[in-house]
Structure formats: C-alpha cells, structure tokens
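Fold the following and give me the result.
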Amino acid sequence: MPQTQQPDGQPQLDPPADPNLPDFDYTLRDIFDPNVKILVDRHARYVISTFSGAFMPNRLATESITAVIEARYQKPWLSWGDIISEGKKMDNNKPRDEFWNTFKEKCTWKKDEDGEISKAFDTACSTRLSSMLSVARKNRGPEDENRPKWIGVGTWLELCKKWNTPKYQKKCAKNAANRKSERAATNTHSGGSVNAGTSTFRYEAQHGRLPTLLETFDYFHFKDGLPRDDISKSIHKTMTEFTEAFQSQQDSLPPSDRYDSITASGIIMNKFIETVGGKNKGRIVGAGSNSKLYQKDSSGKFIDTCLNSFERTGRSTRRHDDPIYTEVEQLRAENALLKAQQEELVKSQQEMKSQVVELVQLQRTMLEQQRRSRGDTSQPDPYDHAITPQYDDLGV
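Numbering: from 1, shown residues only. So this is what the prediction gives:
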C-alpha cells in the first residue's frame, strides 16, 4: 500500500513561510511512483512535479484534475480550448484561473516549477475534460436522461444541444475515422494510466539503467509478451533484425574500428525513429510523453537528452558497471582535466606577458639613462630600434 510521508516521517509543526509551497525539500525520485510512496504537505496536498512536460506522479495529478473539473465545470464548454477562449474574450483568465486555483488547493510544488506545472496543467485538463465529456455524451441515453452528477441541469441541456448540431456531429465522425486509422492505433499504448515518465523511472529503478526506445515501445505496445497489432509486430521485427545485424557487423571489426557504445546506441535510436515514421507534431511513436527528450543536433540526427534530464532528479541513472555510464563519466573527467589545463595555460601566458612588459620597460629606462650619460639624445641607440618593435603588441 502507498505510504503518506512527511520529510522525516513526522507531522511538521512549524507553519511554512509560504502556504502555497511545499514545506520540505524533495527530489523527483521521491514522488514519481505513488505505488511506492506518496508525499503530502501539512495541508494534505499532493507534492507533484513534471518530467518531460508530464505530471509526476501522473495518477495523483490526474485524479486531482478530475476533481477540479467536476467542481468547476459550470458552463456548456465543449473543450478546454473553449474555457481558454472565453477568458481571452473577457480580457482575463478568470474561467481558467478558477480551475487553476482549485488545483492549487489539492497539489503543491516548488516555486521554480510554476511555468512547467502550468503548461502540464493545461495539457492534462484538455485531455481529461475531453475524456470525461466523451463518456458523458456516449452514455447520455436516447432522451439525454443520463446526466452526470458533476454537470448541472441547465448546463447539461445546453451541452446536449451543442452535441446535436450538424457541425459537432461532423467533427465527431472525423475524429472517429482518425481513431480507426492504423496510425492512431499505433499511437495508442497499453500502459493504462502509467505514462512514459513513470515507466522510465520504474525501469531504471529495476535494471539500473535507462530503457532504450525499443524497450519503451515494447512496454507500451506489447501485452502479455505479444504485440498489440501488426504494426507493432512489424516495428519490433524490423528493429530486432537491424540491431542483430548491426551488432554482428561490429563484432566482425577490429576493436579499434568499432563504434563506441554511445555512438552505437545513437545509430540504433535513429533507426528506430526512422522506422516509426520520425517525429510528428512533437511525438515519437513509442516514446509517449518522453518524446521531447529526443532532439535533433546540428547534423539533423536525433540525440537522447534523457540522461541529463534524469540527472536533475537527484541521482545518477547509470550503474557503474554499465559501459555507457563508464564512458560518459570518463569523457566528463577528461573534459574537466582539459579545462583545468587550459585555464593553467592562460594563467601562465598572462604571467609571462607581465614579466616581458616589466623587462622591456626596464631596458628602455636603462637605454635612456645611457644616452643621457653620453650627452647624446639626438641619435637613439641602434639597439633601441632592434628591441622596441618586438613588443609593440604588448602595449608597452
């Protein structure tokens, strides 16, 4: 059973400085899996965060948003976009803010996460409201008699009228066709309420490393060890054959000619993204909410930023016996050493320059004294011409 935990396991007696903020510190790893542990503050609000744009823990945040919608849905809005649009027409965000303020009564987070939480809130509200209204519409009955308790009588009647318009019926037919397409079927995962971020954390906790894109894809598109559909089966087959052929080709080469583990992983990852059709509307099939962690570099190839994102959660994400972890750490150590050597070289050059400047000034002073002692100031010493131009760039 989940545990409700304060930072030290005891209730906090001193009031927090800001009632809208958590009254203790934590990392994302402390809250990602509500099946293991749930963190709450003194006001019984869930402590949440975001990972790759999605709420963590996702289930608790979604439950809170469901409760917020049920409490604040007071007009026949067809979508979350209608709520946002109404606020813009009123030249304020009042409708949206009412939902937002109620959400803050149920959940809390660190102040520097306000922006990311707000974005995730809009995304989650849009998805959840759409789902709730879809269920209500399908179950309303022939006489619209099955009104959900969270929708008022007047609002329900107006909502049903909107659902019955030709324009809305046409939109529903188009969306239904899209859902039946093979592309939409592939994008629908079988992970239930578990999002990609949570599954990634669970995998890392169990295996000591991050899952590959193919492993994440298999998690969401396989059930009981079998692919959900022919497309999932084809993608898995293509990638398995490519990975085996690639590994066999690498094994046939001398060690010095083989790709390092990071480059090899990148090649396989880019092949997977190519196989599933690339990145469409910011999403990669199989990556779910983690899609934004895969970005193109200057050469047009995708790179995996997942490691950096996980490091911000408070713990290393690779086992010390993992070749990729070892290689990354070795590169970091080499870069740190190189940086230190460069800084030392710059410092030495500056010291040498300072010494040369002092020497030139001393030589010029001595030459001037020699001229004066000879009483000959009209003809400069030839030696002065030989030495001075060499140090013009020193500003002397």
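
can you list the domains in this protein?
Structurally, the chain divides into domains by automatic domain parsing as follows: 4-180, 196-317, 327-394.

any low-confidence regions in the protein?
For the chain, the stretches flagged by pLDDT under 70 are 1-29, 33-36, 179-194, 306-333, 335-336, 376-396.

Count the neighbours of residue 119 for me.
With neighbours defined by other CB atoms under 10 Å, the count for residue 119 comes to 12. C-beta here means a position set from N, CA and C on the backbone, and glycine is covered the same way.

my guess is it meets residue 53, correct?
Yes. Assessed by CB atoms under 8 Å, residue 119 is found in contact with residue 53 at 6.6 Å.

Residue 152: neighbour count?
For residue 152, the neighbour count with other CB under 10 Å is 15.

Over to the one 3 residues further on?
Residue 155 sits with 16 neighbouring residues when counted by other CB under 10 Å.

by contact count, what packs against the one helix or strand it maps to?
Assigned by DSSP states H and E, residue 155 belongs to helix 153-163. Helix 153-163 is packed against helix 114-138, with contacts defined by 3 or more CB pairs under 8 Å, 6 or more residues apart in numbering; DSSP states H and E.

Find the residue closest to residue 238 in space, skipping its chain neighbours.
If the residues on either side of it in the chain are set aside, residue 238 comes closest to residue 275, at 5.3 Å by CB to CB, 6 or more residues apart in numbering.

Could I get the contacting residues of that neighbour?
By CB atoms under 8 Å, 6 or more residues apart in numbering, the residues touching residue 275 are 235, 238, 239, 242.

What is the burial count for the second one?
By that I understand residue 238. For residue 238, the neighbour count with other CB under 10 Å is 15.

before we move on, which element is it in?
Assigned by DSSP H and E, residue 238 belongs to helix 230-251.

Summarise which helices and strands that helix is packed against.
Packed next to helix 230-251, using 3+ CB pairs under 8 Å, 6+ apart, are helix 182-187, helix 213-221, helix 261-275.

Including distance to residue 254, could those helices go into a markdown table?
Listed next are the helices and strands packed on helix 230-251 as a markdown table, based on distance: least, CB to CB, whole Å:
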| stretch | distance to residue 254 |
| --- | --- |
| helix 182-187 | 40 |
| helix 213-221 | 28 |
| helix 261-275 | 15 |
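
Most tightly packed of the ones you listed?
Mean neighbours per residue, mean count of other CB atoms under 10 Å, is largest over the helices and strands packed on helix 230-251 for helix 213-221, with a mean of 22.

Export it to CSV, keeping only CA atoms.
Output of helix 213-221 as CSV, limited to C-alpha atoms (Å, rounded to 0.1, in the frame of the first residue of the first chain):
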residue,chain,number,x,y,z
LEU,A,213,13.4,3.5,-27.2
LEU,A,214,12.6,0.0,-28.4
GLU,A,215,12.2,-1.3,-24.8
THR,A,216,9.9,1.6,-24.1
PHE,A,217,8.0,0.9,-27.3
ASP,A,218,7.6,-2.8,-26.3
TYR,A,219,6.4,-1.8,-22.9
PHE,A,220,3.5,0.2,-24.3
HIS,A,221,2.7,-1.8,-27.4
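
what comes into contact with that helix?
Taking CB under 8 Å, 6+ apart as the rule, helix 213-221 contacts 186, 189-191, 196, 199-200, 203, 211, 227-229, 232, 235-236, 239, 243, 268-269, 272-273, 276, 284-288, 290, 294.

Direction included, what does the helix or strand that it is followed by pair against?
Sequence-wise, the next helix or strand downstream of helix 213-221 (DSSP H and E) is strand 222-223. Using DSSP bridges, strand 222-223 pairs in its sheet with strand 226-227 (antiparallel).

Check the offset of the partner strand from the chain's centre.
How far strand 226-227 lies from its chain's middle: 29 Å, per CA atoms, centre = their mean, to the nearest Å.

same deal with stretch 117-133?
The answer for stretch 117-133 is 18 Å, by CA atoms, centre = their mean.

Between helix 261-275 and the longest helix anywhere in the chain, find me the angle.
Counting residues, the longest helix in the chain under DSSP state H turns out to be helix 323-374. With axes from the mean of the first three to the mean of the last three CA atoms, to 10 degrees defining the directions, helix 323-374 sits at 120 degrees from helix 261-275.

so what secondary structure elements neighbour helix 323-374?
For helix 323-374, the packing partners by 3+ CB pairs under 8 Å, 6+ apart are helix 261-275, helix 382-387.

can I get those helices in JSON lines with distance to residue 149?
JSON lines is the format used below for these (distance: least, CB to CB, whole Å):
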{"stretch": "helix 261-275", "distance to residue 149": "45"}
{"stretch": "helix 382-387", "distance to residue 149": "96"}
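
and of those helices, who's closest to residue 140?
Residue 140 lies closest to helix 261-275 among the helices and strands packed on helix 323-374, at 41.7 Å (CB to CB).

and the following helix or strand past the closest one, how far out from the chain's middle?
Per DSSP H and E, helix 261-275 leads on to strand 294-296 as the next helix or strand towards the C-terminus. Taking CA atoms, centre = their mean, the mean C-alpha location of strand 294-296 is offset from the chain mean by 11 Å.

what does stretch 208-221 give?
17 Å.

Surely residue 198 touches residue 56?
Yes. Counting by CB under 8 Å, residue 198 sits close enough to residue 56 to count as a contact (6.9 Å).
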